[in-house]
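1. Mind folding the following:
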Amino acid sequence: MKKLLIVVLTLIPGLIFAQKKNMGPKSYDIIIGAYTSGKSSGLSVYRFYTESGRIAYLNRIDDVSNPSYVAVSANNKFVYAVNENDNGEVSAFKFEPKTGALTFINKVSTLGGAPCYVSVDKDQKNLFVANYSGGNIAVLPINVDGSIGAAVQTIKDDGHGINKERQEKAHVHTAVLSPDEKYVLYTDLGTDKINITKYKGGKNNPIVPSKPAFVSVTPGYGPRHLAFSNDKKYLYAIMEMGSAVLVYDYNNGKPKLKQDITLLADGFKGATGAADIHISPNGKFLYATNRGDANDISVFGINQENGELTFIERKPTGGKGPRNFAIDPTGRFIIIAHQNSDSIIVYKIDENTGKIGQAVSRAEVGNPVCIKFAPAM
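-> Numbers count the residues shown, from 1 in each chain. Below is the predicted model:
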């Protein structure tokens, strides 16, 4: 009996340590990108507390023009933000997680107008920027000190879609790395295509068109953002103009369409603008926002056997223009940014059903359009 007691007492510290390790940080930083008009003046940083969902202001950096989309480096030391203007630039910042301080490093051209999306590879070799009005994707190298080098490559889309007002030319919206980082996929709202490139990571022509080089969506759908399933087998694409989510089987850069599911309630009449799409950390649920007259978020269950979606609920987001949102790493809360009502709102999530519960926290932020989590080390 004494031997058994000794074994149990020996194991307890290890079990406690394992539990604490699995719990992850109790707090995170949230970095908020915005359009710098009205009440907004730049990038802001808030502290997010995972036990309560509470948020608290930490810091901000002014004089950053239209930082509408943000990426955080894998080592948590740098933040990159597009400057969504006609001339098109992207800025680098040194990031201090403890205080939320951002220090400007440098800014370079994206070789295209109105950049609206930026991503960074895990090895921190390159940035990938989508230029909306420029209709192209740009690749920019990252230096050891976190600064950005001049663009080494651009790939421009050509063509147009059936909507003469919105699809008069190419409008590239995202530049997303595949989970294995062997591919970079970028959506083109203007030509109704999801483009596929191979990523080799070299200094010269780091991305090259894959085979197939793209998949087309329903004419007039206007593809916007992408999300991969946690098991990497499925790709989900939100259609801005079509207010739908497309589900693809995904295998080594080859998406194959298997489902098209609407975000709209039966009989809905009014303006829409589907915006953002994310999957819960447990991989069981998909969330998608819709703007316009809808101003809601849809929740879908993900079939773990085939990746297909089943509608669960549609909930008003409590503000206007829910352009972007983020799910906290614990999976217990969702933060929604409302561009047109100057607010971010935190809601509780039921991890078992996926349903969105009551609001637990909110903050007034001018024109928020992007939210990114970073560990508060």
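2. And the nearest residue in space to residue 312 that is not next to it in sequence, how far from residue 277?
-> In space, residue 312 comes closest to residue 299 once its chain neighbours are excluded; the distance is 4.4 Å by C-beta to C-beta, 6 or more residues apart in numbering. The C-beta positions use only the backbone N, C-alpha and C, and glycine is treated the same way. Counting by C-beta to C-beta, to the nearest Å, the gap from residue 299 to residue 277 is 12 Å.
3. Now do the same for the residue nearest to residue 312: its pLDDT.
-> On pLDDT, residue 299 comes in at 98.
4. List of residues touching the host helix or strand of it?
-> Residue 299 is part of strand 296-302, with elements assigned from DSSP states H and E. Applying C-beta atoms under 8 Å, 6 or more residues apart in numbering, the contact partners of strand 296-302 are 229, 234, 245, 261, 263, 279, 283-290, 308-317, 322, 325, 334, 336, 354-356.
5. Give me the buried entries from those.
-> Burial by neighbour count, judged by 16 or more other C-beta atoms under 10 Å, picks out 229, 234, 245, 261, 263, 279, 284-290, 309, 312, 314, 317, 322, 325, 334, 336, 354, 356 from the contacts of strand 296-302.
6. picking that back up, so of the contacts of strand 296-302, which ones are in strands?
-> Using DSSP state E, the subset of these located in strands is 234, 245, 261, 279, 285-290, 309-316, 322, 325, 334, 336, 356.
7. Now do the shared contacts for residue 299 and residue 277.
-> With C-beta under 8 Å, 6+ apart as the test, residue 299 and residue 277 both reach 286, 287.
8. just to revisit the earlier point, okay, now the residue nearest to residue 312: neighbour count?
-> 23 (other C-beta atoms under 10 Å).
9. can you check the one 4 residues further on too?
-> For residue 303, the number of neighbouring residues by other C-beta under 10 Å comes to 14.
10. got a list of what it touches?
-> Per C-beta under 8 Å, 6+ apart, neighbours of residue 303: 309, 310.
11. Swap in 7 Å and give it another go.
-> residue 310 (C-beta atoms under 7 Å, 6 or more residues apart in numbering).
12. From residue 92, how far off is residue 219?
-> From residue 219 over to residue 92 (counting by C-beta to C-beta), the distance is 38 Å.
13. meant to ask about residue 82, not that
-> Distance, residue 82 to residue 92, using C-beta to C-beta: 11 Å.
14. what does residue 358 give?
-> When distance is defined by C-beta to C-beta, residue 358 is 38 Å away from residue 92.
15. end-to-end on stretch 159-173?
-> Across stretch 159-173, the terminal residues are separated by 15 Å (C-alpha to C-alpha, to the nearest Å).
16. And that stretch, how far out from the chain middle?
-> Put simply, stretch 159-173 sits 23 Å off its chain's centre (C-alpha atoms, centre = their mean, to the nearest Å).
17. Can you give me the buried ones in that stretch?
-> Those would be 161, 163, 167, 170, 171, 172, 173, for stretch 159-173 by 16+ other C-beta under 10 Å.
18. same question, stretch 226-242
-> 226-230, 234-242.
19. Kindly report the same for stretch 83-94.
-> Judged by neighbour count using 16+ other C-beta under 10 Å, the buried positions of stretch 83-94 are 83, 84, 85, 88, 89, 90, 91, 92, 93.
20. out of those residues, which are inside strands?
-> Among the buried residues of stretch 83-94, the residues falling in strands (DSSP E) are 83, 89, 90, 91, 92, 93.
21. How about the fifth one, nearest residue that isn't a chain neighbour?
-> Translated: residue 92. residue 105 (4.2 Å).
22. and the host helix or strand of the one you found, which strands flank it?
-> Taking DSSP H and E as the criterion, residue 105 maps to strand 101-109. Strand partners for strand 101-109, identified by DSSP bridges, are recorded as strand 89-96 (antiparallel).
23. Identify the residues contacting the strand it pairs with?
-> 61, 64, 76-83, 102-110, 115, 118, 127, 129, 140, 146-148.
24. Give me the distance between it and the centre of its chain.
-> So, by C-alpha atoms, centre = their mean, the centroid of strand 89-96 is 17 Å from its chain's centroid.
25. when you give positions from now on, start the count at 57
-> Yes, from this point I'll number from 57; that puts the last item at strand 145-152.
26. what's the spacing between residue 166 and residue 202?
-> Residue 166 is 17 Å from residue 202, by C-beta to C-beta.
27. The two: who's more crowded?
-> When residue 166 and residue 202 are compared for neighbours, residue 166 comes out ahead with 29 against 20, by other C-beta under 10 Å.
28. Please export the C-alpha coordinates of stretch 186-203 as CSV.
-> C-alpha atoms of stretch 186-203 as CSV (Å, rounded to 0.1, in the frame of the first residue of the first chain):
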residue,chain,number,x,y,z
ALA,A,186,-3.2,40.2,-52.2
ASN,A,187,-3.7,43.4,-54.1
TYR,A,188,-7.4,43.9,-54.6
SER,A,189,-7.5,46.7,-57.1
GLY,A,190,-4.2,45.7,-58.6
GLY,A,191,-5.6,42.2,-59.3
ASN,A,192,-2.3,40.5,-58.4
ILE,A,193,-0.5,38.6,-55.7
ALA,A,194,3.0,39.8,-54.5
VAL,A,195,5.7,37.9,-52.7
LEU,A,196,8.1,39.9,-50.5
PRO,A,197,11.1,38.5,-48.6
ILE,A,198,11.5,39.0,-44.9
ASN,A,199,14.9,39.9,-43.4
VAL,A,200,16.4,38.5,-40.2
ASP,A,201,15.5,41.7,-38.3
GLY,A,202,11.9,41.4,-39.4
SER,A,203,12.0,44.1,-42.0
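29. So which bits of it are buried?
-> 186-198, 202.
30. Same question for stretch 381-398.
-> By neighbour count on 16+ other C-beta under 10 Å, the buried set for stretch 381-398 is 381-384, 386-395, 397-398.
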